[in-house]
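S.K.: kindly generate the corresponding structure for this input.
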Amino acid sequence: MTHERGLRLQMQRVLTAPCSVVFRALTQPEELAKWWGPEGFTTPSMESDLRPGGGYRIAMQPPEGDLFYLVGEFLEVDPPERLSYTFRWEDPDPEDRETVVTLSLRDIDGTSAELVFTQGDFATGRRQALHEEGWTQALNKLEELMSSAASP
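M.R.: Modelled structure (predicted):
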């Protein structure tokens with residue numbers, strides 16, 4: 001198996017909520033559970049020690065199949081502008097390796113935030129594509145959640 005260099009994901013969204021509200025949605029277990037994961041997935045449990053060096057463990061339940069876990073360590077916690085953490089699966093696929101997720105928020109006008117998401121480096125294009133699909137669906141749910149929170 002060859003390792004392709006520099007396989008990264010980058011996505012950008014404008015969310016109709018202030019940075020502080022978005023940051024809470026990215027970090028608080030009860031908020032994260034509302035949008036985390038691809039369509040149809042649930043998060044039955046979430047443990048989080050939100051500080052640099054602190055760990056997290058998220059249980060993910062697909063619509064069909066067995067529960068699995070995502071674990072990692074927080075690298076940067078700088079509310080409400082930046083969050084960075086390692087991302088790895090417990091019992092990973094042979095093509096998986098630990099990646100780093102970084103979420104940066106920029107205030108647009110006090111009522112909206114630009115979210116820039118990056119993750120990498122992936123071992124293979126196949127794993128990158130899988131993550132791109134999952135994150136796209138999750139960020140769509142986050143966008144919807146922030147829109148509904150903003151509407152009266």
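
S.K.: okay, CA-based contacts and neighbour counts for the rest of this
M.R.: OK.

S.K.: partner strands of the helix or strand that contains Thr86, parallel or antiparallel?
M.R.: Following DSSP states H and E, one finds Thr86 within strand 82-89. Here strand 82-89 has these sheet partners by DSSP bridges: strand 68-78 (antiparallel), strand 99-107 (antiparallel).

S.K.: do you have the strands of the protein handy? List them.
M.R.: Taking DSSP state E to define them, one finds strands in the chain at 8-15, 46-48, 55-60, 68-78, 82-89, 99-107, 113-120.

S.K.: columns distance to Met146 on top of those strands, output as CSV?
M.R.: CSV is the format used below for those (distance: least, C-alpha to C-alpha, whole Å):
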stretch, distance to Met146
strand 8-15, 6
strand 46-48, 21
strand 55-60, 22
strand 68-78, 20
strand 82-89, 18
strand 99-107, 14
strand 113-120, 10
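
S.K.: mind putting those into CSV with mean pLDDT and distance to Arg127?
M.R.: Shown next, in CSV, are these (pLDDT from 0 to 100; distance: least, C-alpha to C-alpha, whole Å):
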stretch, mean pLDDT, distance to Arg127
strand 8-15, 97, 10
strand 46-48, 96, 24
strand 55-60, 97, 17
strand 68-78, 97, 15
strand 82-89, 97, 12
strand 99-107, 98, 11
strand 113-120, 98, 10
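
S.K.: got those as a markdown table, with mean neighbour count and distance to Gln137 columns?
M.R.: Shown next, in a markdown table, are the strands of the chain (neighbours: other C-alpha atoms under 10 Å; distance: least, C-alpha to C-alpha, whole Å):
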| stretch | mean neighbour count | distance to Gln137 |
| --- | --- | --- |
| strand 8-15 | 16 | 12 |
| strand 46-48 | 16 | 19 |
| strand 55-60 | 18 | 15 |
| strand 68-78 | 18 | 17 |
| strand 82-89 | 20 | 18 |
| strand 99-107 | 20 | 16 |
| strand 113-120 | 20 | 13 |
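
S.K.: what score does Gly6 have for pLDDT?
M.R.: For Gly6, the model assigns a pLDDT of 85.
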